[in-house]
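Asker: Sequence and predicted structure, then a few things I'm wondering about:
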Amino acid sequence: MTAEPLTETVHATSVAIDGQGVLILGISGSGKSDLALRLIDRGATLISDDYTIVQARDNALSLAPPANIAGRMEIRHLGLVEMPHVEDVTAVLAIRLEDRPPRMPDPFPTIMLAGIALPLIALAGREPSAPVKVEHALRHLARLTGRS
């Protein structure tokens, strides 16, 4: 009998950038959906808004939307909007939204989700440069891990 993969639902929005899953964590109202929307405007694809299912698979973390919110995103002042989305994307980076993230942090601490360590950075999500910082973090992480 094989064990079921470890799965949990986290309060996070997620997007895929060039096929790489990015999980955006933060308290309600911290700007998760806003940052995701700006990343989508730059070419990312929605995985899930506000809640994301994370599942451990083959020493990696897969991201997917809960069925009841798949393909929908809350855009403040507009409501729920239908949006193209993807499912079962491998997570490579977590972003934690903070009002005052460290200026010079230790490079890529990790967060444990579904038993898998995922690189984590803290960002002020409402800064105009936040989407660019996410993209730079992905490229930097790819160089560090040899995925470039």
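Answerer: Ah, there it is. Numbering: from 1, shown residues only.

Asker: ok, what's across the strand from the residue most central in space within the chain?
Answerer: Geometric centre of the chain, nearest residue: Leu23, 1.5 Å, by Cα atoms, centre = their mean. Here Leu23 sits in beta bridges with Ser14, Ala94, as judged by DSSP bridges.

Asker: Test for you: state the pLDDT assigned to it.
Answerer: On the pLDDT scale, Leu23 is placed at 98.

Asker: just Thr2 next, same as before
Answerer: pLDDT recorded at Thr2 is 56.

Asker: Buried ones in the biggest helix by length in the chain, by neighbour count?
Answerer: Ranked by residue count under DSSP state H, the longest helix found in the chain is helix 130-145. By 16 or more other Cβ atoms under 10 Å, the buried positions in helix 130-145 come out as Ala130, Pro131, Lys133, Val134, Glu135, Ala137, Leu138, His140, Leu141. In short, each C-beta sits where N, CA and C put it, glycine included.

Asker: now stretch 28-47
Answerer: Neighbour-count burial for stretch 28-47, counted by 16+ other Cβ under 10 Å, picks out 30-40, 44-47.

Asker: in the protein, which spans are strands?
Answerer: Here the chain has its strands, by DSSP state E, at 7-10, 12-17, 20-25, 45-48, 52-57, 60-64, 72-75, 79-82, 89-97, 110-113, 116-123.

Asker: Export these as CSV, with columns for distance to Arg103.
Answerer: CSV is the format used below for the strands of the chain (distance: least, Cβ to Cβ, whole Å):
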stretch, distance to Arg103
strand 7-10, 27
strand 12-17, 24
strand 20-25, 20
strand 45-48, 30
strand 52-57, 28
strand 60-64, 28
strand 72-75, 31
strand 79-82, 35
strand 89-97, 15
strand 110-113, 20
strand 116-123, 10
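
Asker: which one of the buried residues of helix 130-145 sits closest to Leu113?
Answerer: Leu141 (16.2 Å; Cβ to Cβ).

Asker: Pull the contacting residues for that closest one.
Answerer: Contacts for Leu141 (Cβ atoms under 8 Å, 6 or more residues apart in numbering) come out as Val92, Leu93, Phe108, Pro119, Arg147.
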